[in-house]
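Visitor: Sequence plus the predicted model coming up.
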Amino acid sequence: MTISIDDIKKLKSLTGVGLTDAKAALVEADGDFDKALEAMRKKGLTKAEKRGEREAREGLVDAYVHSGRIGVLVEVNCETDFVARTDDFKQLVHDIALHISAMSPEYIMTEAIPSDVEGTKRAEFTDKAASEGKPADIAGKIVEGQIKKYFAEKTLLEQPFVKNPDITVGDLIKEHISKLGENIVVRQMQRIELGVSE
């Protein structure tokens, strides 16, 4: 089995690992590039989750205006000014601003949803399930599923990424955490639409 140097370089650039690790992943996958990439992504995401505990106070504020009708300001933080100045990080921040413009999330993460808002929606779904005559044990599962789906559509990190709906915005950020080697956090966002007030 021959591992091409081009495949090693390609895997290195896509995952942010060293050449030795990229070659080892290809050897382990018997030269199957896609299999090696998937294995590296899984390892990278595990590392990314550990990095998620580190403090991120550097970063960028980006602005995106769509057709003079929608404006977005977003602050995305990383750990160092060095990473904040990289093209990869700048592109990520811009992509997040573009996504916010298109998908209009109300919350950054599920933990930011006010309990009274969730409670009101839960009561609404519970009443609906009861009025449809669903048994209590089944109704509870239905309501949980509806709550999860409803708020996933309104939460930035849970939304399918507008440029690649196969992954969520949260997955996109984790991939960049793995690639850039630093914790990355969306700190705040603001979306303004012409003629629409909060």
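Guide: Received the coordinates, thanks.
Visitor: Nearest residue to Phe89 in space, ignoring adjacent ones along the chain?
Guide: Spatial nearest neighbour of Phe89, chain neighbours left out: Val83 (5.5 Å); criterion: C-beta to C-beta, 6 or more residues apart in numbering. Yep, even glycine has a C-beta here, placed from its N, CA and C like the rest.
Visitor: er, His66 actually
Guide: Ser101 is the one closest to His66 (C-beta to C-beta, 6+ apart), at 4.8 Å.
Visitor: In terms of secondary structure, what does the strand or helix carrying that neighbour contact?
Guide: Ser101 belongs to helix 87-103 when assigned by DSSP states H and E. If contacts are counted by 3 or more C-beta pairs under 8 Å, 6 or more residues apart in numbering; DSSP states H and E, helix 87-103 sits against strand 58-66, strand 70-78, helix 169-180, strand 185-193.
Visitor: could I get these as a markdown table with mean pLDDT, mean neighbour count and distance to Val117?
Guide: Output for the helices and strands packed on helix 87-103, formatted as a markdown table (pLDDT from 0 to 100; neighbours: other C-beta atoms under 10 Å; distance: least, C-beta to C-beta, whole Å):
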| stretch | mean pLDDT | mean neighbour count | distance to Val117 |
| --- | --- | --- | --- |
| strand 58-66 | 94 | 16 | 26 |
| strand 70-78 | 95 | 20 | 22 |
| helix 169-180 | 92 | 21 | 20 |
| strand 185-193 | 94 | 16 | 17 |
